[in-house]
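> Show me the folded form of this:
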Amino acid sequence: MQKAISVNFLAHAFLSFGNEKLLVGNFIADKIKGNQYLQFPEDIQKGILLHRQIDNFTDKNSIVLKMVQILAKNHGRYSPIINDIFMDHFLAKNWDFYHHLPLQIFVDNCLNILNKNKQFIPPYIQDFIDFATKTNRLVEYKTFEGIELTLKQLGNKIISKPNLELAINDLKNYYSELESYFLIFFPQLIEFCKQWISTNSPNLVIEN
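All right, here's what the predicted structure looks like:
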């Protein structure tokens, strides 16, 4: 199943490396098709293109494919979407290892930046930003309850109503294996993103 929209919002926020316009582009990218990105300011364009690179790198990565394979037995074509949500969980859980700011402060800063840039944000994405602001959803990704609720709400948006919340059992049953794969994969993704930014936007200021 080709993912219709990225659901690993926390990872995309992290991989904007503290650059406000990259963050905006990274968040709106799924609703910006083809060359429509050229309508935006240059640094937001870079965020959109970075988001596409992140998705392409992730979807083809051999470690991520192993994670998806674990989930595929019970969840078939929905496994890539579920795995995106699980990876945001592992990022939230291990947050202090990756970022100098506490998770709550990081998320609050990101949501404030996005709300300052509403003129660039499509309604669907703004709805999620409003929802995340109200419910503190990105921070709640670190809890089983937050992940289960996210899966249920996402499943309810799909016509076939696939009961994605049942995947919380897979997260619990295969927790150590899935987390170990994530901890190998995520540094690779960070390095890939920094190299892409360095090559394509050498003057763009990002956090190290």
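
> quick one: low-confidence parts of this structure?
Within the chain, the ranges that satisfy pLDDT under 70 run 1-7, 208.

> Contacts only, for the residue nearest to residue 196 when sequence neighbours are not counted.
In space, residue 196 comes closest to residue 53 once its chain neighbours are excluded; the distance is 5.4 Å by CB to CB, 6 or more residues apart in numbering. Glycine gets a C-beta too; all of them are placed from N, C-alpha and C. Contacts for residue 53 (CB atoms under 8 Å, 6 or more residues apart in numbering) come out as 192-193, 196.

> in the protein, which spans are helices?
For the chain, helices defined by DSSP state H occupy the ranges 9-14, 20-28, 42-60, 62-75, 79-93, 95-98, 103-116, 123-135, 137-140, 144-156, 168-173, 175-200.

> now the longest one against helix 62-75, angle please.
Using axes from the mean of the first three to the mean of the last three CA atoms, to 10 degrees, the interaxial angle of helix 175-200 with respect to helix 62-75 works out to 140 degrees.

> Which other helices and strands does helix 175-200 contact?
helix 42-60, helix 62-75, helix 79-93 (3 or more CB pairs under 8 Å, 6 or more residues apart in numbering; DSSP states H and E).

> Show me which parts of the last one are buried, residue by residue.
To tie it back to what came earlier, the one meant is helix 79-93. Residues of helix 79-93 classed as buried by neighbour count (16 or more other CB atoms under 10 Å): 79-92.

> So which of these is the closest to residue 188?
When the buried residues of helix 79-93 are ranked by distance to residue 188 (CB to CB), residue 87 comes first, at 12.5 Å.

> OK, contacts around that closest one?
Contacts of residue 87 (CB under 8 Å, 6+ apart): 8, 11, 64, 67, 182, 185-186.

> want to try TSV for those residues, with neighbour count and distance to residue 162 as columns?
Output for the contacts of residue 87, formatted as TSV (neighbours: other CB atoms under 10 Å; distance: CB to CB, whole Å):
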residue	neighbour count	distance to residue 162
8	23	19
11	23	23
64	21	21
67	26	19
182	22	23
185	20	25
186	21	27
